[in-house]
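**Q** Give the three-dimensional model of this entry:
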Amino acid sequence: MKKIFIIGAGQLGSRHLQALKYVRDVLDIYIIDPSKESLNIAKERYDSLELTDNNNVIYTNSIVDINIESNIDLVIIATSSNVRSFVTIELLKKFTVDTIIFEKILFQKKDDYFTIKKLLDINNVKAYVNCPMRMMPLYKDIEPLFKGTKFKYLVSGSQFGLVTNLIHFLDHISFLNENSEYKANADFLDKEIIKSKRDGFYELNGSFQVNFKNGTQGFFNCDSTGNAPIIVQAFNSKVHFISMESEGKVLISKAQNDWKWEEITFNILFQSQLTTILVESLFDNNTCLLPTYEESMKIHLPYLDSLLNFVNDNDELKFDYYPFT
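**A** Numbers count the residues shown, from 1 in each chain. The predicted model follows:
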């Protein structure tokens, strides 16, 4: 029986748990969170699914309370960024783990990115980061249209959590571009530093830009007011792609079709669906479509460094860590 840990039973952790109910294999699942309230909500969400399963689900407040001698097949670490490195270190002190899926933003301290990489290598742990746009058919299937080209990638919307969501779009550009080397420009962000909904974390609005080594560029704009939906565009000399997730619609035009617009409808997969696909891929094929830890680390650091410098240049508070989650 496959053994899975989910560490962190909050909004994302509980959705990961729901997805496990649909995995073909019978599972030993441990859902771990210091908050009894979070554990109760996760249990309610899991039990609310009208599906009979034979999984063994255990809810506990700490990995200290778990005694298992065999390998843990998969661990999903869905905590906030401020405790994720500590959780990872404590996990690997006690257990032998085959694969870890990290939520993002990965960590708040730059040194932790390198410390955890070394720890994963020493313990021979396969690790991925949950940036699932490259898993979604809509966004995965356009890769051949952009592969090997220089292209522009634009994201616009209002109050969508620019810092938190940038990593998804940067990962998708890197996927389409087959390259993750870029320079970031935070000069056009709004100078007002916003307290996040999560206590102790911060957010930003305004415009952010990235320039990849091969000439591909990304532009991201998040307005501080209004309710404009997120629109994702990508275009080169042969194709123009526009995604409007809120409408479940894509517009695409190609040079070979005289630039006539084609409309495609789609459904965005929720985390409670994506994790099912992810886990079955890992168990069946020993791999998945998510970015590896090392790849995602390279994508995280340039944008986080630029954001940290921007915040320290424009706010009375000074940080020696990334105050984001």
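**Q** Grab the longest helix from this structure for me.
**A** Longest helix of the chain, by residue count under DSSP state H: helix 293-314.
**Q** Now do the SS call for L74.
**A** Assigned with DSSP: H, G, I helix; E, B strand; the rest coil, L74 falls in the strand class.
**Q** got it, and E263?
**A** Strictly by three-state DSSP, E263 counts as strand.
**Q** So what pairs up with it in the strands?
**A** Per DSSP bridges, the residues bridged to E263 are L251.
**Q** pretty sure it contacts G248?
**A** No - using CB atoms under 8 Å, E263 is not in contact with G248, being 10.8 Å away. Bear in mind the C-beta positions are built from the backbone N, C-alpha and C, glycine included.
**Q** between the strand or helix carrying N211 and helix 293-314, how big is the angle?
**A** For N211, the host element (DSSP states H and E) is strand 206-212. Counting by axes from the mean of the first three to the mean of the last three CA atoms, to 10 degrees, strand 206-212 lies at 140 degrees to helix 293-314.
**Q** CA atoms of strand 206-212 as CSV?
**A** Extracted C-alpha coordinates of strand 206-212, given in CSV (Å, rounded to 0.1, in the frame of the first residue of the first chain):
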residue,chain,number,x,y,z
GLY,A,206,1.7,47.3,-10.7
SER,A,207,3.8,46.1,-13.7
PHE,A,208,6.6,43.6,-13.7
GLN,A,209,8.8,42.5,-16.6
VAL,A,210,11.2,39.6,-17.5
ASN,A,211,13.6,39.3,-20.3
PHE,A,212,14.8,35.8,-21.2
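**Q** Give the other helices and strands that it contacts.
**A** helix 162-177, strand 182-185, strand 217-223, helix 293-314 (3 or more CB pairs under 8 Å, 6 or more residues apart in numbering; DSSP states H and E).
**Q** ok, and which of these has the densest surroundings?
**A** Greatest average neighbour count among those goes to helix 162-177 (a mean of 23), per mean count of other CB atoms under 10 Å.
**Q** what about that one, average pLDDT?
**A** Helix 162-177 shows a mean pLDDT of 97.
**Q** Kindly calculate the angle that that helix makes with strand 206-212.
**A** Angle, helix 162-177 to strand 206-212, by the same axes, to 10 degrees: 30 degrees.
**Q** what angle separates helix 162-177 from strand 217-223?
**A** 160 degrees.
**Q** for whichever strand or helix holds Y153, packing partners?
**A** Element membership for Y153, per DSSP H and E: strand 152-158. Judged by 3+ CB pairs under 8 Å, 6+ apart, strand 152-158 is in contact with helix 162-177, strand 217-223, strand 231-235.
**Q** residues making contact with it?
**A** 169, 172-173, 176, 216-236 (CB atoms under 8 Å, 6 or more residues apart in numbering).
**Q** what about 6 Å?
**A** When contacts are defined by CB atoms under 6 Å, 6 or more residues apart in numbering, strand 152-158 is touched by residues 169, 173, 217-221, 223, 226-235.
**Q** that older thread, of all the helices and strands packed on strand 206-212, which one comes closest to S85?
**A** For the helices and strands packed on strand 206-212, proximity to S85 was assessed by CB to CB; helix 293-314 is nearest, at 12.3 Å.
**Q** Run through the neighbouring helices and strands of the closest one.
**A** Secondary-structure packing of helix 293-314 (3 or more CB pairs under 6 Å, 6 or more residues apart in numbering; DSSP states H and E): helix 162-177, strand 182-185.
**Q** redo that, cut-off 8 Å
**A** So helix 293-314, by 3+ CB pairs under 8 Å, 6+ apart, packs with strand 97-102, helix 110-122, strand 126-129, helix 162-177, strand 182-185, strand 206-212.
**Q** one step back: between the helices and strands packed on strand 152-158, which one is closest to L282.
**A** helix 162-177 (18.4 Å).
**Q** Only alpha carbons, please: show that closest one as PDB.
**A** This file holds the C-alpha atoms of helix 162-177, laid out as PDB (Å, rounded to 0.1, in the frame of the first residue of the first chain):
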ATOM      1  CA  LEU A 162       0.800  39.500  -8.400                       C
ATOM      2  CA  VAL A 163       3.600  38.200  -6.200                       C
ATOM      3  CA  THR A 164       2.000  34.900  -5.300                       C
ATOM      4  CA  ASN A 165       0.800  34.100  -8.900                       C
ATOM      5  CA  LEU A 166       3.900  35.300 -10.800                       C
ATOM      6  CA  ILE A 167       5.700  32.000 -10.300                       C
ATOM      7  CA  HIS A 168       2.900  30.200 -12.200                       C
ATOM      8  CA  PHE A 169       3.300  32.400 -15.200                       C
ATOM      9  CA  LEU A 170       7.100  32.500 -15.100                       C
ATOM     10  CA  ASP A 171       7.100  28.700 -15.000                       C
ATOM     11  CA  HIS A 172       4.700  28.500 -18.000                       C
ATOM     12  CA  ILE A 173       6.900  30.900 -20.000                       C
ATOM     13  CA  SER A 174      10.000  28.800 -19.100                       C
ATOM     14  CA  PHE A 175       8.100  25.700 -20.200                       C
ATOM     15  CA  LEU A 176       7.100  27.100 -23.500                       C
ATOM     16  CA  ASN A 177      10.500  28.700 -23.900                       C
END
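**Q** Much appreciated, bye for now.
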